[in-house]
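S.K.: quick one, structure for this:
(2 chains)
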Amino acid sequence: MHTSKLFTGRLATLALVAIMLFASMTAFSAGRQEAPATGEQDLIILINSDIVSLDPHGSNDSPSSNVRSQIFDTLVVFDSDMNLLPGLATSWEPVGDATWEFTLRQGVTFHDGTPFTADAVAASLNRVTDRDFGSQRLFLFQMISDVEVVDDFTVRVSTEFPFTPLLAHLAHDAAGIISPAALEAAGFDEVEPIGTGPFMLRTWDPGNEVVIERNPNYWGDAPTSATVTYRVIPEESTRLALVERGDAHIAEILQPASMGRVEASQGMNLRLFDTLSLNYIGFNTEQEPFNDPRVRRAVSQAINVQTMIDGIVEGAGVRAIGPISEAVVGFHPTLEGLSYDPAAARALLAEAGLADGFSTTLWTNDNPTRVAIAEIVQNNLAEVGIDVSIEVLEWGAYLSQTAEGLHDMFILGWVTVTGDADYGMYALLHSSNIGAAGNRAFFANDRVDELLDLGRRETDPDRRLALYHEVQEILVQEAPMLNLYHPKWMVAVGAGVENYDHHPDNTMLIRNVVVNR
Amino acid sequence: MSLGVYVIRRLLQMIPVLLGVVFLVFSMLHIVPGDPAMIMAGEQASPAALERMRERLGLNDPLPVQYVRYLGNAIRGDLGESVRNNRAVTDEIFASRYWITLQLAIMSIALAVFIGVIAGIISAVWRHSLFDTMIMLIALFGLSMPSFWLGIMLIFWFSVQFFWLPAAGWGSLPQAVLPVITLGTAGAAVIARMTRSSMLEVINQDYIRTARAKGVKESVVIAKHALRNALIPVVTVVGLQFGFFLGGSVLTETVFAINGLGRLMVSAINARDFPIVQGAVLVASVSFMAVNLIVDITYRFLNKRIELN
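M.R.: The predicted model follows:
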């Protein structure tokens, strides 16, 4: 009797398990979408983190920007060499002191069929600059005071003060022009991603993938791929395995340690690209002993930055002399930096009355690269008699306490998202931006302030360059920050994948990619 | 007490536990240091954006009011909206992710039970034999092996080197093989060890000796007399494992790019998307409680002498 009861019980359990297994198998087929059998190219790109928002005025993160830049066009565009090219505007010129007039491209339609006119430009820019909306990307457009529709294909953008880098800001993907019909429907909610770009949204499975497809009515050259899939694969070794197998074509690399594996593989190639980013060590220039430029220079000369680059990012970085990278407009190509020279550092310390060295702290957040940098700094500075204790802070506390000036030294990064020296240096070094706005070195220098203000107004490109070059020369001597390196973007590209390019702002340029099978 | 009454009583007993869980989940937002609106909106947020965030999350009301509202909404199945993309939390969880995690959990626990129980019985029956030593060694190995490492190795060999199985994703049977092995292995190891020790304890009992003495076949002694009684602690362990799997197996889901509950939770924590974290924790807790209930009912099937109380 026991046996039979037990037996039926077991049978019931088995049946239950079988039913559940069967249910899970059949459920499989439901979510699966097969690619169209067109024989055309379907490009698959593997990214590390999820696409958060396809609203150009939404989340300020790079996976989202990557997809948005294929769906939306901007008035002007930077190519991967940072040349300014026409986008939805065919020409532009300054009108008066603080206004730019754009002549718009005609015959362009949005993905929903709405014709593109100056009203769309005004609606898009007015939304992102609306203070009540509070877009995460407002900081890029805060200086815009008015958007005036002159006629259907002419629009004027005015700024509160003369602001030459406006064009660079309008080339940012946050300035993508959105269908007015979609904007009307969305208000301040997430807008339907309807732009004029070469690709249109097909499907979006949050946390998993976004698929975009070719826009048949695109005004420019048609892209080579019929569809592009951006798939989220958080584990780096899995991303690389998929490219190596040929299951995917392009993958982001985040860990320098992966470069060797990619190079050794026959199934994929390593590509490195310049960025707009900087990793730096900032000094608290308001407090002793770092209020003395000699001490800041001494520390700068005591740290072997090249060894740091070779050791920590395995060479995937360019030694930074000024705060902006070569890809940024305003870069100083012949700038002489301070060399690694511990003897000179000791001499400078002696000159500053600190021949016996001193004790100080170096702050970082728990970013492993930064912690590794901190350890090298600690080691290098010990050799010139400076005793550094490293403090690892939680990110929120790190940001707020460096903004309040409670630090001695700190390690942080900066991305010059607009690709223009103004954005790179005004926030980091102008005395009006001391604290949370970006100037965590608490650096105040009248000449630098003056030059940065002039740089914003100067419309002549050569004179503008000269202003920024002078700033960078002053910075070498003043040394408010020790600029470490400009990291490189690392990308694994499948064997047989051609014409891949990468924008310094970390947009993947995939329109012309050809996959040879 | 009949089974029906027992189940109803247990369900009623779950209510205070649920209230406690909801309270803890609700408190998460308020225990973290700093202004929750600021944490979610980011340090660059404008005052207008902060105010909109507070308004949206109802942070301007007194705490008790907020708690009652959260509870009331939760009972109606409304867990709020994601701060990142404004989608309903219940959609983010139940549109597909929960079911993917459930599929993975069911398949993995099935594999773990299958391997674990058989290995455990063999080990116990041929105690101190070469079999036993080998199985326990392998189990120790499986237990100590980090699942992400096992996953990466499986991908490397079976997917990249031999090309037998896909490396990632979820949606077809071949895609399920490697993650299920990865997740099932650790579970199998725990279950094997528990089955072995529990069997050994039972095998030394008087009634087993009696059964043998009265001439019952050894296979029947093992299968009927020993195993049934030995299974009770094993069922407990299986239930616990399954409960953990349901909460989302973060590492396995990450390595194999499976868009399940665990990955949702981690990405939400990274993005400081509190409503999602709260919702996912709540769903995982309720799943765990449901599994516990099933385990308790299973005891009754295994041994009538266990009082349903």
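S.K.: C-alpha from now on. contacts and neighbour counts both.
M.R.: Fine.
S.K.: where does pLDDT dip in the chain?
M.R.: No chain specified, so I'll use chain A. Low-confidence segments of chain A (pLDDT under 70): A:1-38, A:396.
S.K.: meant chain B, my bad for not saying
M.R.: Where chain B drops to pLDDT under 70, the residues are B:1, B:32-35, B:38-39, B:41-49, B:248, B:304-309.
S.K.: near chain A, which residues of it show up?
M.R.: Taking CA under 8 Å from any CA of the partner chain as the contact definition, chain B meets chain A at B:39, B:44-46, B:48-49, B:84-86, B:103, B:106-107, B:110, B:152, B:155-156, B:159-160, B:163, B:167-168, B:170-173, B:224, B:254-259, B:264, B:301-302.
S.K.: which of these count as buried?
M.R.: Neighbour-count burial within the residues of chain B next to chain A applies to B:39, B:45-46, B:49, B:84-85, B:103, B:106-107, B:110, B:152, B:155-156, B:159-160, B:167-168, B:170-171, B:254-259, B:264, B:301-302; the criterion is 16 or more other CA atoms under 10 Å in any protein chain shown.
S.K.: from the residues you listed, which land in strands?
M.R.: With strands taken from DSSP state E, there is no overlap with these.
S.K.: sitting in helices, which of those residues do you find?
M.R.: Filtering these for membership in helices, criterion DSSP state H, returns B:39, B:49, B:103, B:106, B:107, B:110, B:152, B:254, B:255, B:264, B:301, B:302.
S.K.: in those residues, find the pair that's most separated.
M.R.: By the measure CA to CA, those have their two most distant members at B:49 and B:302, which lie 58.2 Å apart.
S.K.: reformat the ones in helices among the buried ones among the residues of chain B next to chain A as TSV; add distance to residue B:295.
M.R.: Formatted as TSV, the entries for those read as follows, by distance: CA to CA, whole Å:
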residue	distance to residue B:295
B:39	40
B:49	48
B:103	19
B:106	15
B:107	18
B:110	15
B:152	33
B:254	29
B:255	30
B:264	27
B:301	10
B:302	11
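S.K.: of all those, which comes closest to residue B:212?
M.R.: Ranking these by separation from residue B:212, with CA to CA as the measure, puts residue B:302 on top at 21.2 Å.
S.K.: identify the residues contacting that closest one.
M.R.: If a contact means CA atoms under 8 Å, 6 or more residues apart in numbering or on different chains, then residue B:302 has A:6, B:228, B:229, B:231, B:232 as its contacts.
S.K.: of those residues, closest to residue B:220?
M.R.: Distance ranking of the contacts of residue B:302 against residue B:220, using CA to CA, places residue B:228 first at 11.0 Å.
S.K.: out of the ones in helices among the buried ones among the residues of chain B next to chain A, the closest to residue A:119 would be?
M.R.: If you rank these by distance to residue A:119 using CA to CA, residue B:49 comes first, at 25.8 Å.
S.K.: residue A:502 and residue B:234, how far apart?
M.R.: For residue A:502, the distance to residue B:234 under the criterion CA to CA, to the nearest Å works out to 55 Å.
S.K.: now do residue A:517
M.R.: As defined by CA to CA, residue A:517 lies at a distance of 52 Å from residue B:234.
S.K.: and these two? which has more neighbours close in?
M.R.: Higher neighbour count among residue A:517 and residue B:234: residue B:234, with 24 against 7, using other CA atoms under 10 Å in any protein chain shown.
S.K.: in a strand, the more buried one, correct?
M.R.: No. Secondary structure assignment (DSSP: H, G, I helix; E, B strand; the rest coil) places residue B:234 in helix, not in a strand.
S.K.: that one against residue B:197, yeah?
M.R.: No. In this structure, residue B:234 sits apart from residue B:197 without contact. The criterion is CA atoms under 8 Å, and the distance is 9.8 Å.
S.K.: quick one: list the elements packing against the helix or strand in which residue B:192 is found.
M.R.: In this assignment (DSSP states H and E), residue B:192 forms part of helix B:173-203. Of the remaining helices and strands, those touching helix B:173-203 by 3 or more CA pairs under 8 Å, 6 or more residues apart in numbering or on different chains; DSSP states H and E are helix B:97-125, helix B:130-144, helix B:147-154, helix B:227-246, helix B:250-255.
S.K.: list the buried residues of it.
M.R.: Under the neighbour-count rule (16+ other CA under 10 Å), helix B:173-203 has B:175-200, B:202-203 buried.
S.K.: the helix or strand just after that helix: which residues count as buried?
M.R.: Scanning the chain past helix B:173-203 towards its C-terminal end, the next helix or strand to appear is helix B:206-213 (assignment: DSSP H and E). Residues residue B:208 are the ones in helix B:206-213 that count as buried (16+ other CA under 10 Å).
S.K.: so what secondary structure elements neighbour helix B:206-213?
M.R.: On the basis of 3+ CA pairs under 8 Å, 6+ apart, helix B:206-213 makes packing contacts with no helix or strand.
S.K.: give me the contacts around the helix or strand just after it.
M.R.: The C-terminal neighbour of helix B:206-213 among helices and strands, as given by DSSP H and E, is helix B:218-220. Under the contact criterion CA under 8 Å, 6+ apart, helix B:218-220 has outside partners residue B:212.
S.K.: quick one: distance of helix B:218-220 to the chain centre.
M.R.: Using CA atoms, centre = their mean, to the nearest Å, we find the averaged C-alpha position of helix B:218-220 to lie 34 Å away from the chain's own average C-alpha position.
S.K.: and if you look at stretch A:112-122?
M.R.: Centre to centre, stretch against its chain (CA atoms, centre = their mean), the figure for stretch A:112-122 is 28 Å.
S.K.: for residue A:362, which three-state class applies?
M.R.: strand.
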